[in-house]
Each structure stands twice: as structure tokens, then as C-alpha cells.
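> sharing a sequence plus its predicted fold:
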There are 2 protein chains.
Amino acid sequence: MKIAYQGEPGAFSEAAARRVDHHAEPVPCRSFEEVFETVEADKAAYGVLPIENSIGGSIHRNYDLLLEHQLPIVAEVELPVVHHLLALPGATLNGLKRVYSHPQGLAQCERFLRTLTGVEIIATYDTAGSAKMVADAGLKDAAAIASARAGDVFGLTSLAASIQDFDDNITRFLLVGRQPLPDAVPDKTSIVFTLPNEPGSLFKALSVFALRGVDLTKLESRPIPGRPWEYLFYVDLAAARDELRCTRALAHLAEFAPMLRTLGSYASWKTHEGWLPDPFEVVS
Amino acid sequence: MKIAYQGEPGAFSEAAARRVDHHAEPVPCRSFEEVFETVEADKAAYGVLPIENSIGGSIHRNYDLLLEHQLPIVAEVELPVVHHLLALPGATLNGLKRVYSHPQGLAQCERFLRTLTGVEIIATYDTAGSAKMVADAGLKDAAAIASARAGDVFGLTSLAASIQDFDDNITRFLLVGRQPLPDAVPDKTSIVFTLPNEPGSLFKALSVFALRGVDLTKLESRPIPGRPWEYLFYVDLAAARDELRCTRALAHLAEFAPMLRTLGSYASWKTHEGWLPDPFEVVS
């Protein structure tokens, strides 16, 4: 099964793809947009996208893309993030002049980075891509922040392991695709809606769920281009769409929401380990 | 009056600083963090920070910094954003190989950028900083997306004007500082709070405002590091803190919110033009 992901081999998204299917063939893409396009063109059955990190917050671009495209969410996977400082064999911590990583990778290792002196911190498009660059360019005075697997893939050694500021550093990934996953029992539903631009409308929207005991696990707002200070609301519900309380709440919301779309009703990994193969070893 | 801002001269933040005080002396800073530090060290009376763009959305880093620091919000300023494609005199649209700008600047001109072929798009730390780089390095085949004023400052000409995708492209800036602004009558209040990790708690929090007719103009959630999938909620209220309905709503929220802090009660520019001098011309 082919699963598209953004980044280079060794990216955390690639690890998430393998977590869905241990025998998956991960298909690397340059951008999140390309992940959607690859699945839409049937060059991969599914695409895997980071949507939120427990330290850095939401990956807002992917919220926008979920709306722009028509691929349903079919699963959610949580993956612990363990960062390493990777460099060419022979490099030393004291000899470092530059550290490369994705802005999220840099932000998640802020405390560790502050212990390095005289080192320039440079943002790149990808954690594993930074490891590739250090290896390909033979940069002896540079290091990349990326996964242990990225180090294995590009022949780099770990100058420092587990350098993320918080142990509880978890990324939530969404799997998108046209086909539902076999044996997956949905327990979450993601929706997006707009509201009339009038006082109390968000309160009214949340009431359709609260009054029926449907819990919200996440609320994210995104701007509506061309309509300043009006918002799209993205909500994750801790219920399957087919549950009566959920169906009724969504019908109630549709009574006054100018736009309402279900992005998917799906199984969340934490509660459905059954349909996942043995966990892929992310940390070496 | 010194006002600290992030970026180079010609940055939109500098224009916002001048909008607060036409005779202000803008103090450029490398980062948003440095803006806070400059005001805390009394090297500037105020700091100006972009908090939200009507196309790109929230500038989340500044939400985090408002909480980390203790500087109250004393005003809000809205500024229309007009982007230009700036290049060295003599450069042509057809001869361009690279376009530099801040990721927000690039995102806001996405449609225009798609009309350019064979051009590499490169993200930088600042719009005006990109203009400076093109000028300083004498890059004849490169352009920067920045303000008309950045072009004036760095001696670049505009190859294309008003290239933003939407006319209604507005950035909201916050002014932070220890002293309230003279003659400003507060009409907005910004707060941040946490909630018990139990079903319906956000609905309950919004009810304290909805049931008293206090309107929310913005709700933003940010992760709490080390507590996965728990959030800090940042809320803007369309009321002064001293209004009885607002005071009572905040007291009600404090009954069950483990943490509640007021970030400021302040005048919003749109409704208080009185205390602002004649508008600064952003677009030449």
C-alpha cells in the first residue's frame, strides 16, 4: 500500500505512515499540497499529514488544505517525537557552527539550542531534509535536528539524543484517502463550519454539542480570505458521525451555520490499536 | 516616543508604529522576543506586534510571548497591507529567477506568484529584510515582496504593485507597554485562561460571556507544553474590563478556570481615531 507524506525518508510523517501499515511503501512529497495531489491522482492510496503537535500547536496549512481538497479523513495516528542532533561522523558538539531544522523542530528543542554558544540556528523546510543536506553537502561544522531514523538513512551520527524540551512531545497525524480503512471503528468526527457574523453565534454552535453530551477535543479557527475577522471553525468531536446524538447535533448546527462540512469520521489510533500492526520503532 | 518593532525599516510593523504616533522613533528588532525585551529594558516606551492577518491568520508566536511576558496591551491598530514586487532599477519581470519574502508575504500573494514561471520562491525572516537583501547583495535577477516604503528605503523599484491576492488584506497589531496611552478609551479586553480537562468546559466558559451579552471577537487556542491536547484559550472581548457585565463575567469565569489573566483592556483604532494623528501614508 502506497502512502504519500511530506518530507524526506526519515521524516516523522514517514514514521506515521509506517505506523498505519508496517509494510506500507511511503511516497515522499515536497509539500503538503503535493501529498493531496498524489492521492487525488491515485499515485498513492492514502496521504499522511501532521495536523497538531502537543508543543508547537496546529499545523494550520493542513487545516486549509483539508477544506480545499475533497479527501476524507480515514484515521488519526499519534506519534511520540524524539529529536536527535545529527552530524557527520567525526563532528563534535564544540566544533558546530550551524544547526538546521524545520521551524517546529527548532522550536521543540529551544532549551537545548540555548546551551549551544556561537552557533547559528537556520530554519529549513523539513527535519529529515536538513539531515540529508548536512550529509549531501558534507558539512563538517553543521548539524541537523531530526529523527534517529533520518540519521540512519543519511549516515549521520547522534551528537545528542532526546534533545526535545518536553518528554510529552506528540504529533497527531491524519490519514486521508478515498477508501475507509478495513476493521476501523470510527470514534471521532471532524467538521468545519462558518457562522453568522452576530453576537453569541459561537456559543450557540457549541451548545448543539454540549446539550447532547458530545465532547469537543479540539477547536481551531482559521480566517476566511476576503472577509476580515470572520472565521472558519474546525472542530473535532469525540463521537462517530453515525451516533444518534452526533447526527442530531450536526443537523441542529446545520439549521443556522451557513456552511457545514464533515471532513471525516474515523478511528483514532490510541483506542483502536487492533487494526494497527506491531508498532514501528521510531527511536533507535 | 520610541516604539520597538520586528523587522527592517519599511516593515509593516514600522508603519503600524508610525500610525500610533506620527513622530514616533521606530526601534528595529531582530525578533518578536527582542521587541518585548527592548520595552522591558526601557529602551523603548512601547512595542508593536502583529497578532493577526485577515488572510494568513494568527501570528501564534506573539500569543505565546504575551503570556511569557508581563507587558499589558495598551492599543490595537489595524493596517491595510499592500504588497509590491520590488527589484533593482533595470530589473525586469521576465528576467527574475528568485523571489524573497516572509512566509506570510508569500502566502498573501500566492495567486500572483503562480503567474511567474521558472522562478524560485524563497522564504525569509522579514518582508522589508528581503528588500534590503536584494539591494545590499545587488541581486539583479531577484525580487522581494514588501511594502512600497521598503522600496523607497532600499532604493528598489516596483515591478508590480498591489500584488496581494485579496484587497481586504488587513493586519491587526497590538501595542504593548507599561504606560496607558493618553486619551484612549478602552473598548476591548484580551484575556487568556485554562479550563478543567472535562467535557463541556469550553461551552461553560463561553456561557459566562454569552449570558451577559459580552461579544467575543476572537478565540484562539494554543497548546500547553507538557500537557498534550490541553489548551490555553486566548479570547478578545468587545467590552472594556471596567464595564460591569465584563467584570462580572470575568469573576464568573475565575470561579472554575484554573488560570485566568487579563492581557489588557484597550482602545481599538477603528473606533478611536481621535487619539491617532493623521494617518501615515503606507502606500506611495
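That came in fine, so what should we check first?

> can you pull the residues of the stretch 51-200 of chain A lying near chain B?
Residues of the stretch 51-200 of chain A that fall close to chain B, judged by C-beta under 8 Å from any C-beta of the partner chain: A:52-57, A:60, A:165-168, A:170, A:199-200. (Glycine included, C-beta is placed from N, CA and C.)

> selection in PyMOL covering whichever of these are buried, please.
To isolate the buried ones among those in PyMOL, judged by 16 or more other C-beta atoms under 10 Å in any protein chain shown, type:
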select buried, chain A and resi 52+53+54+55+56+57+60+165+170+199+200
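
> which two among the residues of the stretch 51-200 of chain A next to chain B are spaced furthest apart?
A:167 and A:199 (42.5 Å; C-beta to C-beta).

> please enumerate the helices of the stretch 1-150 of chain A.
Ranges of helices in the stretch 1-150 of chain A, per DSSP state H, counting those that start in this stretch, are A:12-20, A:32-40, A:60-68, A:103-108, A:110-114, A:127-136, A:148-154.

> let's test this: mean pLDDT of the fourth one, rounded?
Looking at helix A:103-108 alone, the average pLDDT works out to 88.

> which residue is nearest the middle of chain A?
The centre of chain A sits closest to residue A:50, judged by C-alpha atoms, centre = their mean, with a distance of 1.0 Å.

> show me the contacts for residue A:164.
A:55, A:81, A:82, A:83, A:108, A:109, A:112 (C-beta atoms under 8 Å, 6 or more residues apart in numbering or on different chains).

> one more pass at 10 Å, please.
A:55, A:80-84, A:105, A:107-112, A:145 (C-beta atoms under 10 Å, 6 or more residues apart in numbering or on different chains).

> do the same with residue A:259
Residue A:259 makes contacts with A:67, A:192, A:193, A:194, A:195, A:224, A:232, as judged by C-beta under 10 Å, 6+ apart.

> repeat the analysis, applying 8 Å as the threshold.
A:192, A:193, A:194 are the contacts of residue A:259 under C-beta under 8 Å, 6+ apart.

> what's the PyMOL line that selects buried ones from those?
The following PyMOL line selects those of the contacts of residue A:259 that are buried, judged by 16+ other C-beta under 10 Å:
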select buried, chain A and resi 192+193+194
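
> how about residue A:221, nearest residue that isn't a chain neighbour?
Setting aside the residues directly before and after it, residue A:221 is nearest to residue A:231 in space (C-beta to C-beta, 6 or more residues apart in numbering or on different chains), at 4.2 Å.

> ok, the one you found touching residue A:223?
Yes. If you go by C-beta atoms under 8 Å, residue A:231 and residue A:223 touch, sitting 6.4 Å apart.

> quick one, phi/psi of residue A:232?
Torsion angles at residue A:232 (phi, psi; degrees, to the nearest 10) stand at phi -90, psi 130.

> ok, it to residue A:101 distance?
Taking C-beta to C-beta, to the nearest Å as the measure, residue A:232 falls 30 Å from residue A:101.

> more crowded one of the two?
Applying other C-beta atoms under 10 Å in any protein chain shown to residue A:232 and residue A:101 shows that residue A:101 carries more neighbours, namely 28 against 20.

> residue contacts, the nearest residue to that one once chain neighbours are set aside?
Counting by C-beta to C-beta, 6+ apart, residue A:145 is the residue found nearest to residue A:101 once chain neighbours are left out, at 3.6 Å. Residues in contact with residue A:145 (C-beta under 8 Å, 6+ apart) are A:83-86, A:99-101, A:105-106, A:109, A:127, A:130, A:163.

> which stretches in the stretch 151-284 of chain A count as strands?
A:157-161, A:170-177, A:188-193, A:216-223, A:231-237, A:260-268 (DSSP state E, counting those that start in this stretch).

> which ones are touching residue A:209?
Residue A:209 neighbours (C-beta under 8 Å, 6+ apart): A:215, A:216, A:235, A:237, A:249, B:203.

> distance between the ends of stretch A:210-221?
Terminal residues of stretch A:210-221 are spaced 19 Å apart (C-alpha to C-alpha, to the nearest Å).

> avg pLDDT for that stretch?
For stretch A:210-221, the per-residue pLDDT averages 96.

> hmm, who's touching stretch A:117-135?
A:6-12, A:14, A:83, A:86-88, A:96-106, A:113, A:139, A:142-147, A:150-151, A:153-156.

> quick check on those residues: which are buried?
For the contacts of stretch A:117-135, buried by 16+ other C-beta under 10 Å: A:6-12, A:14, A:83, A:86-88, A:96, A:99-102, A:104-106, A:113, A:139, A:142-147, A:150-151, A:153-154, A:156.

> pLDDT of stretch A:184-200, averaged?
Here the average pLDDT along stretch A:184-200 is 95.

> actually stretch A:56-65, sorry about that
The model assigns stretch A:56-65 a mean pLDDT of 92.

> what of stretch A:226-243?
96.

> quick one, domains of chain A?
Structural domains assigned to chain A are A:2-80+A:169-178, A:84-161, A:188-269, following automatic domain parsing.

> and among those, the most buried is which?
Mean neighbour count (mean count of other C-beta atoms under 10 Å in any protein chain shown) peaks for domain A:2-80+A:169-178 among the domains of chain A, with a mean of 21.

> pLDDT weak spots in chain A?
Applying pLDDT under 70 to chain A flags residues A:270-284.

> distance check, the closest residue in space to residue A:188 that isn't next to it in sequence against residue A:56.
Using C-beta to C-beta, 6+ apart and skipping the chain neighbours, the partner closest in space to residue A:188 is residue A:268 (5.0 Å). From residue A:268 across to residue A:56, the span is 20 Å (C-beta to C-beta).

> cool, residue A:102 as well?
Using C-beta to C-beta, we find residue A:102 at a distance of 10 Å from residue A:56.

> now the stretch 51-200 of chain A against chain B: closest residue?
residue A:54 (3.7 Å; C-beta to the nearest C-beta).

> now that residue, nearest residue through space, not along the chain?
residue B:228 (3.7 Å).
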